[in-house]
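Chemist: Only the shape, not the letters, is given here:
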């Protein structure tokens, strides 16, 4: 154990450095939703393209997270952490200076995720290395509190700066925090290194292919359909027949087979007495596996709801960055408050029941969001919904990290944090944005075709209806506002006269469809929570110690 004081207590200096790195990273993560419209306008791109870039970042981060968790064990956690912060800072600097969407895409979708993938699992492993027992529980509590505080403050600060000075100046806060993190990180002592850890190349390739295929498939679902064929898959100009099914389920099957191969490779290494990237026995730790899944679903729900609401507010209601941030501020504040103030509830109530309560409160928040959102709304209209979403999310967040990590032995900290963050990044970010975006836009275009057929009295066949939905999707992918006006001017008279109401109906129905998917995720989260062990805080601490 490093950085110990004479009293035997670990220094809080490593936690300060980790907290700074969280400020650096989550300024970006929590602020991108309020910058959607200004980035799209400035870089002359589309919401769909920006959605793809965001998912690409999760592709890089999620597919390499397990590998990164082992790098810290092998080479030293401080070294890998510092390298990650440097790469992240360079990537965000390129983002804020990017002159076009191409450079922005490379920096956002490739460079800074390579830094983030080194920082996140290593920072969690550093907490487990530097702190023990009650100090570790306190450290995780502070970690969650900082995360929640940044989630509350960053969108408002960034939104205000974006309105006054532009999105580039606003996002420049992130690399500025990165420079501070680098300076402080140099003062830490290095952690122990485990030379026995070997980075097995086949395991790395299999993990990247498995997780990468999953996320790439998720991005394709909006275009080709989640199960049934939305449009034919073409290779070299030739349509591939899949018997009416989308290519997506087949690719998901491929990703599952690759994941099984990755775990099998790990079991073979264990039989030879070597250390795998991920010990399959870790997944047999039921509290860890269930907690990891619940945590991933929590972040999926949060990311999906915030993305859908942000797109609705900015592309539909036409809120600016600050108005969007203020609308969602109650959510961020309540998440921060509840995640910071409620961990002690586990002394009297088993964490599983607190998490169940949080799920029910979040479900109510999702319902109120769909009920209260409209194209004529003001930022205050979603106040009850955001309060419920924040309170429910905070209750879950305060308990789930402890349940997930506290039963993991310190020697498995790097691997456990890596796989936990992989699930959170892939399911809780990349998959969430892909799912929310595809359901939102799919429902929008479907609604527009439905209203058109009613107004014009046209009885469309299923095939013709689907063809029109796909056509609208292609048209609105890239066109400017001026082209959009020309498109509506070319429509039949009844549709043209009712176009404003058609668009309003479509936006509201799209939002509600995306929220319905997130409500389903909460239902699954609630069901899984019922299988968590009946333990209280004292029991978890004893197991940790």
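Modeler: Sure thing, it's come through. Being a predicted model, the structure only gives us computed values, none of them experimental.
Chemist: Compute the distance from the centre of the helix or strand encompassing residue 17 to the centre of its chain.
Modeler: Assigning secondary structure by DSSP states H and E places residue 17 in helix 13-31. Centre-to-centre, helix 13-31 and its host chain are 16 Å apart (Cα atoms, centre = their mean, to the nearest Å).
Chemist: tell me the contacts of the closest residue to residue 458 other than its chain neighbours?
Modeler: Computed as Cβ to Cβ, 6 or more residues apart in numbering, the closest residue to residue 458 that is not its neighbour in sequence is residue 452, at 7.4 Å. Where C-beta positions appear, they are placed from N, C-alpha and C, glycine not excepted. Residue 452 makes contact with 458, 468, 491, 495, 502 under the criterion Cβ atoms under 8 Å, 6 or more residues apart in numbering.
Chemist: Surely residue 452 is within a helix?
Modeler: Yes - membership of residue 452 in a helix is supported by DSSP: H, G, I helix; E, B strand; the rest coil.
Chemist: Where does pLDDT dip in this protein?
Modeler: Low-confidence segments of the chain (pLDDT under 70): 1-10, 196-197, 405-407, 410-415, 417-418, 477-483, 534-545.
Chemist: Going by neighbour count, list what's buried in the longest helix anywhere in it.
Modeler: In the chain, taking DSSP state H as the definition, the longest helix is helix 133-165. Neighbour counts over helix 133-165 (16 or more other Cβ atoms under 10 Å) mark 135-137, 139-163 as buried.
Chemist: Next SSE downstream of it?
Modeler: Following helix 133-165 in sequence order, the next helix or strand is helix 167-171 (DSSP H and E).
Chemist: and that next one, what other elements does it pack with?
Modeler: Here helix 167-171 touches helix 13-31, helix 36-42, helix 77-97, helix 133-165, going by 3 or more Cβ pairs under 8 Å, 6 or more residues apart in numbering; DSSP states H and E.
Chemist: need the helices for the stretch 301-450 of the chain, in chain order.
Modeler: Along the stretch 301-450 of the chain, the segments classed as helices by DSSP state H, counting those that start in this stretch run 321-341, 351-372, 383-405, 413-425, 432-456.
Chemist: orientation of the third one relative to helix 351-372 in degrees?
Modeler: Yep, that's helix 383-405 we're talking about. Helix 383-405 runs at 150 degrees relative to helix 351-372, counting by axes from the mean of the first three to the mean of the last three Cα atoms, to 10 degrees.
Chemist: tell me what helix 383-405 is packed against?
Modeler: If you count contacts as 3+ Cβ pairs under 8 Å, 6+ apart, helix 383-405 packs onto helix 133-165, helix 286-311, helix 321-341, helix 351-372, helix 413-425, helix 537-544.
Chemist: repeat that for 10 Å
Modeler: Helix 383-405 sits against helix 112-130, helix 133-165, helix 286-311, helix 321-341, helix 351-372, helix 413-425, helix 499-529, helix 537-544, with contacts defined as 3 or more Cβ pairs under 10 Å, 6 or more residues apart in numbering; DSSP states H and E.
Chemist: Out of the ones you listed, flag the one nearest residue 223.
Modeler: Among these, the nearest to residue 223 by Cβ to Cβ is helix 499-529 (16.4 Å).
Chemist: In that closest one, which of the residues would be classed as buried?
Modeler: Buried residues in helix 499-529 (16+ other Cβ under 10 Å): 499, 502-515, 517-519, 521-522, 525-526, 528-529.
Chemist: which helices and strands does that helix pack with?
Modeler: Helix 499-529 sits against helix 286-311, helix 351-372, helix 383-405, helix 432-456, helix 481-489, with contacts defined as 3+ Cβ pairs under 10 Å, 6+ apart.
Chemist: Specify the angle between it and helix 351-372 in degrees.
Modeler: Counting by the same axes, to 10 degrees, helix 499-529 points 170 degrees away from the direction of helix 351-372.
Chemist: how big is the angle separating helix 499-529 from helix 432-456?
Modeler: Orientation of helix 499-529 against helix 432-456 (the same axes, to 10 degrees) gives an angle of 140 degrees.
Chemist: Pull the number of nearby residues for the spatially closest residue to residue 449 that is not a sequence neighbour.
Modeler: In this structure, residue 449 finds its nearest non-sequential neighbour in residue 468, 4.7 Å apart by Cβ to Cβ, 6+ apart. The tally of other residues near residue 468 (other Cβ atoms under 10 Å) stands at 19.
Chemist: which ones are touching residue 468?
Modeler: Residues counted as contacts of residue 468 (Cβ atoms under 10 Å, 6 or more residues apart in numbering) are 445, 446, 448, 449, 450, 452, 453, 458, 460.
Chemist: biggest separation within those residues, which pair?
Modeler: Of all pairs drawn from those, the widest gap by Cβ to Cβ lies between 445 and 458 and measures 16.1 Å.
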